[in-house]
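[1] pasted the sequence and its predicted model underneath.
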Amino acid sequence: MMVVAGETQPEGSNLPDRKSILVRWGFIPSWVKDPNSWPLMINMRSETAVQKNSFRIAMNHFRALVPASGFYEWRKVDKNKRQAYWIRPRKGGVVAFGALMETWSGTDGSQVDTGGLLTTQANKTLKPIHDRMPVVIKPEDFGRWLDCKHYLPHEVEDLMQPVEDDFFEAIPVSDKVNHVANITPDIQERVEEDLAPQKSEPKQKKKTDNGDDSGGQLSMF
């Protein structure tokens, strides 16, 4: 679900100036001819979003917010192991991530609303886990971020910065979160952080034709 600016309302209207919509996860620019040939773009770098052709229309007309209680991230321990974290606001509550959306239209008249998150460099708290993090838009900046009519992209660039170092807390969780079938609350329970590299299985020595297991070297015994 994404929150976007509503239609401009007449003065004195009680209608909301924001609305929530469901979108297909994975941003597709409206000019793409074949969405099957377009990569699944769920994260977009905020540093280049203003200039890049793929996001120019959305940055000018379709900025959005994604409400969430937190997000998951994985820290690479070695090539075979990753530690999962549940990352949430330290003070609790819901956070709003900066996002972009756009409606893709097919030649048959079909339309699909699509969207994805904007990311920025990780702050000091999250950098040991991953070098990127979602853009956080504070409540006092919701209006400016969503108001594409009065605020151009370069006028909201200052909002696409890493959030304060103490805003989030990272809670190590079990690898249950790695399986989409696991949806019970226990996937967010804290576990002991395991950053020890995974031990590799010892390699089996090759046996020679005479049954020697010394790796091909002649045995003295």
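    Arrived safely, thanks for sending.

[2] quick one, phi psi at residue 162?
    Dihedral pair for residue 162: phi -60, psi 140, per degrees, to the nearest 10.

[3] er, residue 60 I mean
    The phi/psi pair for residue 60 (degrees, to the nearest 10) reads phi -80, psi -30.

[4] tell me the contacts of it?
    By CB atoms under 8 Å, 6 or more residues apart in numbering, the residues touching residue 60 are 148, 152-153. Using the backbone N, CA and C atoms, a C-beta is placed for each residue, glycine as well.

[5] which one of those sits closest to residue 85?
    residue 153 (31.4 Å; CB to CB).

[6] how far away is that closest one from residue 173?
    As judged by CB to CB, to the nearest Å, residue 153 and residue 173 stand 36 Å apart.

[7] circling back to that earlier point, show me which of the contacts of residue 60 is closest to residue 178.
    Set against residue 178, the nearest of those by CB to CB is residue 153 (36.2 Å).

[8] in this structure the closest one contacts residue 59, no?
    Yes. Applying CB atoms under 8 Å, one finds residue 153 in contact with residue 59, separated by 4.3 Å.

[9] so which of these two has more stuff around it?
    Between residue 153 and residue 59, counted using other CB atoms under 10 Å, the more crowded position is residue 59 (23 against 18).

[10] ok so that one is a helix residue?
    Yes. Membership of residue 59 in a helix is supported by DSSP: H, G, I helix; E, B strand; the rest coil.

[11] how close does it sit to residue 156?
    8 Å.

[12] residues near residue 182, how many?
    Count around residue 182 with other CB under 10 Å applied: 12.

[13] list phi and psi for the residue nearest to it when sequence neighbours are not counted.
    Distances taken as CB to CB, 6 or more residues apart in numbering place residue 176 nearest to residue 182, at 4.5 Å, with adjacent residues excluded. When read as degrees, to the nearest 10, the backbone of residue 176 gives phi -60, psi -30.
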